[in-house]
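Trainee: sequence first, predicted model second:
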Amino acid sequence: MQDDMQTRPSGGFGERPVYETQAYIARPAGDLGDWKDFTSAELNDAVMQSGDKIMEEGIVIVVANTGKIIRRGVGKIPWRQIVDELEEAVRA
């Protein structure tokens, strides 16, 4: 019974999924230096396209488990929409 209690949400029906409350869903695998280089280049491109406000708004890069880039964006992240797009892309 104790193990069952630990897996249940504590806040009831109004609790948001974890992927909506943190800055990332998963950590990158492999060489972190490569990931840092990639994200730095993406951030620099976003700044060149939209200005320095991107440094405050942030960027999103959605990568499928196949390594395919599903979506790039800036600003507030529409997590539910992104998860739906990711699931659809992986099924295709």
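Mentor: Yes, it's here. All values derive from a computational prediction rather than experimental measurement.

Trainee: OK, contacts around the nearest residue to Gly75 once chain neighbours are set aside?
Mentor: Excluding the flanking residues, the one nearest Gly75 by C-beta to C-beta, 6 or more residues apart in numbering is Glu57, at 4.5 Å. Bear in mind the C-beta positions are built from the backbone N, C-alpha and C, glycine included. Residues in contact with Glu57 (C-beta atoms under 8 Å, 6 or more residues apart in numbering) are 74-76.

Trainee: check those residues for burial and list the buried ones.
Mentor: Val74 (16 or more other C-beta atoms under 10 Å).

Trainee: which of the contacts of Glu57 lies closest to Val63?
Mentor: Val74 (16.4 Å; C-beta to C-beta).

Trainee: residues in contact with that closest one?
Mentor: 46, 50, 54, 57-60.

Trainee: buried residues in stretch 49-65?
Mentor: 54, 59-63.

Trainee: next SSE after the helix or strand of the chain with the lowest mean pLDDT?
Mentor: The helix or strand of the chain with the poorest confidence is helix 2-7; it has a mean of 43 (mean pLDDT, DSSP states H and E). Downstream of helix 2-7, the next assigned helix or strand under DSSP states H and E is helix 32-50.
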